[in-house]
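**Student:** sequence-free structure coming up:
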């Protein structure tokens, strides 16, 4: 199995300005993420950014960094630019690791890459874990996915899916026993050929309403394989509280 990791990173963030460059135990967050990704079986780890300061910081720590166009509407569009510039073959596997995940598990990176490599009729592979708390099921910020018997995604939603009709008939918010509810984990592996097509795919109503870009692939007929793990990864860094939590983890490690 051969694959590369691309880490999209942009400076713009409303809650945490210059987020990729924020210090975590002596290194920028995006570098901490790259160091974790490098523990996987990836043959190459590249940071894709539209910011020269991020590029310089990454390169100063020995990692590749490509300066991409600004204005990409999604991280996937940024990956598509990199895939085209690298001249990758259509079946080459690229794993997208978000730049704000310095605690990402390298084994989950390996798992999604292996899943996609082993399923040539899928364009994308991603991760999910079983939902064990009702709060997660009903939280619109926690994306859910339902799968078929082959563990191919049928739909992603911010709504509580699947809906347990009988258990929820009284209006309560509870987790029905045995409900096959899955919490989507935003880790993706793509075939390079699909990535090159992605920017030209039309945005459909499901993506617009749910605000979930993976639905663009499904609305245009592409299949997504889902790797189910019982270990949900540590959350990424979106808020000052998240940053403090991650800094504490690294301080304790060191």
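**Tutor:** Great, that's in hand. As the structure is a prediction and not an experimental result, all values here were calculated from the model. Residues are numbered from 1 along each chain as shown.

**Student:** Show me where the stretch 1-150 of the chain has its helices.
**Tutor:** Remark: helices assigned in the stretch 1-150 of the chain by DSSP state H, counting those that start in this stretch are 29-37, 52-60, 75-86, 106-117, 134-137.

**Student:** Mean neighbour count for those - can I get that in TSV?
**Tutor:** For the C-beta atoms, the positions are set from N, CA and C on the backbone; glycine is no exception. What follows is those, written out as TSV (neighbours: other CB atoms under 10 Å):
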stretch	mean neighbour count
helix 29-37	25
helix 52-60	17
helix 75-86	20
helix 106-117	21
helix 134-137	17
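
**Student:** Quick one: those helices as a markdown table, columns for distance to residue 18 and mean pLDDT too.
**Tutor:** As requested, the helices of the stretch 1-150 of the chain are arranged in a markdown table below (distance: least, CB to CB, whole Å; pLDDT from 0 to 100):
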| stretch | distance to residue 18 | mean pLDDT |
| --- | --- | --- |
| helix 29-37 | 10 | 96 |
| helix 52-60 | 8 | 95 |
| helix 75-86 | 17 | 87 |
| helix 106-117 | 25 | 96 |
| helix 134-137 | 30 | 95 |
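
**Student:** For residue 225, which of the ones you listed is the nearest?
**Tutor:** Closest to residue 225 of the helices of the stretch 1-150 of the chain is helix 106-117 (CB to CB; 5.3 Å).

**Student:** okay if I get the helices of the stretch 1-150 of the chain as TSV plus distance to residue 98?
**Tutor:** Formatted as TSV, the helices of the stretch 1-150 of the chain follow (distance: least, CB to CB, whole Å):
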stretch	distance to residue 98
helix 29-37	8
helix 52-60	14
helix 75-86	7
helix 106-117	12
helix 134-137	19
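
**Student:** Please name whichever of those helices is nearest to residue 223.
**Tutor:** Proximity to residue 223 (CB to CB) singles out helix 106-117 among the helices of the stretch 1-150 of the chain, at 10.5 Å.

**Student:** I'd like to know which elements that closest one is packed against.
**Tutor:** Secondary-structure packing of helix 106-117 (3 or more CB pairs under 8 Å, 6 or more residues apart in numbering; DSSP states H and E): strand 3-9, helix 29-37, strand 93-96, strand 124-130, strand 182-191, strand 224-228.

**Student:** To residue 187, which of the helices of the stretch 1-150 of the chain lies closest?
**Tutor:** Among those, helix 106-117 sits nearest to residue 187 (CB to CB), with 5.7 Å.

**Student:** Low-confidence regions, the protein specifically.
**Tutor:** 13-14, 254 (pLDDT under 70).

**Student:** Right, I'll call it a day here.
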